[in-house]
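In: I would like to see how this sequence folds:
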Amino acid sequence: MVSQEQRRRQLAREKFLRQQQRRTQARRKARLRNSVIASVLGVVVIGSVALYTTGVLKDGDKQENAAAEVTPSATPTSKAPDPCEKPAAGSVKKLSWKKEPAMTIDTSAKYTMKLATTCGDIDIALNASAAPHTVNSFDFLAGKGYFDHTKCHRLTAEGIFVLQCGDPQGTGMGGPGYTIPDENLKDKSLKGNTYPAGTVAMANTGQKHTGGSQFFLVYKDSPLPPSYTPFGTVSEAGMKVLKKIAAAGAQPADPSTGNTAPNATVVIDKATVSKS
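Out: Numbering: from 1, shown residues only. So this is what the prediction gives:
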């Protein structure tokens with residue numbers, strides 16, 4: 001026969017077990033709710049930072065670009081056939097400099113940059129008068145073959161719509177060893193905190209004056225704060241190439257870098273800057 005004391009202890013144990021079960025269920029619900037909130041916030045943060053995307057610039061162990069580190073993961077789309085050709089023979093050069101190159105361009109002249117990629121040529125009209133440090137840096141780097149054989153490592157397809165390139169490491173962490181100042185952030189084209197389709201701009205770390213070599217090409221109007229130096233405009237033919245790349249979609253985010261690489265094999269076989 002169960003004594004009153006034994007019964008009291010039994011009821012106490014049952015009450016304790018019920019409390020533990022309720023707490024466990026509450027914790028599970030909280031984790032589920034937090035994971036949903038984190039997923040939503042992740043999309044928002046990525047859409048606003050994507051640029052150096054990735055995240056999207058830092059030197060050495062620092063993260064090189066935030067574009068569009070305002071960049072890191074886009075919702076992957078279903079994989080389509082690769083619309084691009086095999087890369088040209090050659091390898092990425094391992095180059096680095098301690099300081100920004102001396103100014104050699106003529107800011108009153110017109111400059112164009114041609115990206116001969118595996119997916120087609122992308123011609124860009126550069127704005128030397130509004131972004132002299134940036135254009136001068138690209139003229140210098142292209143002349144050294146810095147961009148040749150490099151992959152475009154990030155394609156964002158949600159929130160913002162950009163293709164990010166310019167990192168010899170292909171991780172979003174690389175750079176030329178020096179940084180350049182922000183320029184042209186009050187450009188009239190950046191109305192309503194939007195980078196219009198066709199804009200070419202610098203990625204950065206999210207801090208001022210941290211641009212290096214990584215840049216992004218906007219293939220569809222993208223909401224971004226005016227924090228990324230706009231320094232060029234893609235030609236009409238180049239936009240067709242960009243849209244072809246975008247149509248192939250992006251891969252799932254790489255857990256080690258957060259990058260959503262394009263499904264298309266986008267490699268810059270050769271980058272050249274020309275004065276006209």
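In: For the stretch 101-250 of the chain, which residues score under the pLDDT cut-off?
Out: In the prediction, the stretch 101-250 of the chain carries no residues with pLDDT under 70.
In: Please, where are all the helices along it?
Out: Secondary structure of the stretch 101-250 of the chain (DSSP state H, counting those that start in this stretch): helices at 132-143, 236-247.
In: Give me whichever of these is most buried.
Out: Mean neighbour count (mean count of other C-beta atoms under 10 Å) peaks for helix 132-143 among the helices of the stretch 101-250 of the chain, with a mean of 22. The C-beta positions use only the backbone N, C-alpha and C, and glycine is treated the same way.
In: by contact count, what packs against the longest strand along the chain?
Out: The longest strand of the chain (DSSP state E) is strand 267-275. Here strand 267-275 touches strand 111-117, helix 132-143, strand 150-151, going by 3 or more C-beta pairs under 8 Å, 6 or more residues apart in numbering; DSSP states H and E.
In: any idea how far the shortest one is from the chain center?
Out: Here strand 150-151 shows a centroid-to-chain-centroid distance of 14 Å under the convention C-alpha atoms, centre = their mean, to the nearest Å.
In: before we move on, what about the longest one?
Out: For helix 132-143, the distance between its averaged C-alpha position and the chain's averaged C-alpha position is 20 Å (C-alpha atoms, centre = their mean).
In: Now the helices of the stretch 101-250 of the chain in JSON lines, please, with extra columns for distance to Lys114.
Out: Shown next, in JSON lines, are the helices of the stretch 101-250 of the chain (distance: least, C-beta to C-beta, whole Å):
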{"stretch": "helix 132-143", "distance to Lys114": "9"}
{"stretch": "helix 236-247", "distance to Lys114": "9"}
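In: and the helices and strands packed on strand 267-275 as TSV, adding distance to Trp97?
Out: Putting the helices and strands packed on strand 267-275 into TSV (distance: least, C-beta to C-beta, whole Å) gives the following:
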stretch	distance to Trp97
strand 111-117	19
helix 132-143	9
strand 150-151	17
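In: so Ala261 makes contact with Gln251?
Out: Yes. The pair Ala261 / Gln251 is scored as a contact, 4.8 Å apart, by C-beta atoms under 8 Å.
In: Could you check which of these two is surrounded by more residues?
Out: Taking other C-beta atoms under 10 Å, Ala261 and Gln251 do not tie; Ala261 has more neighbours (21 against 15).
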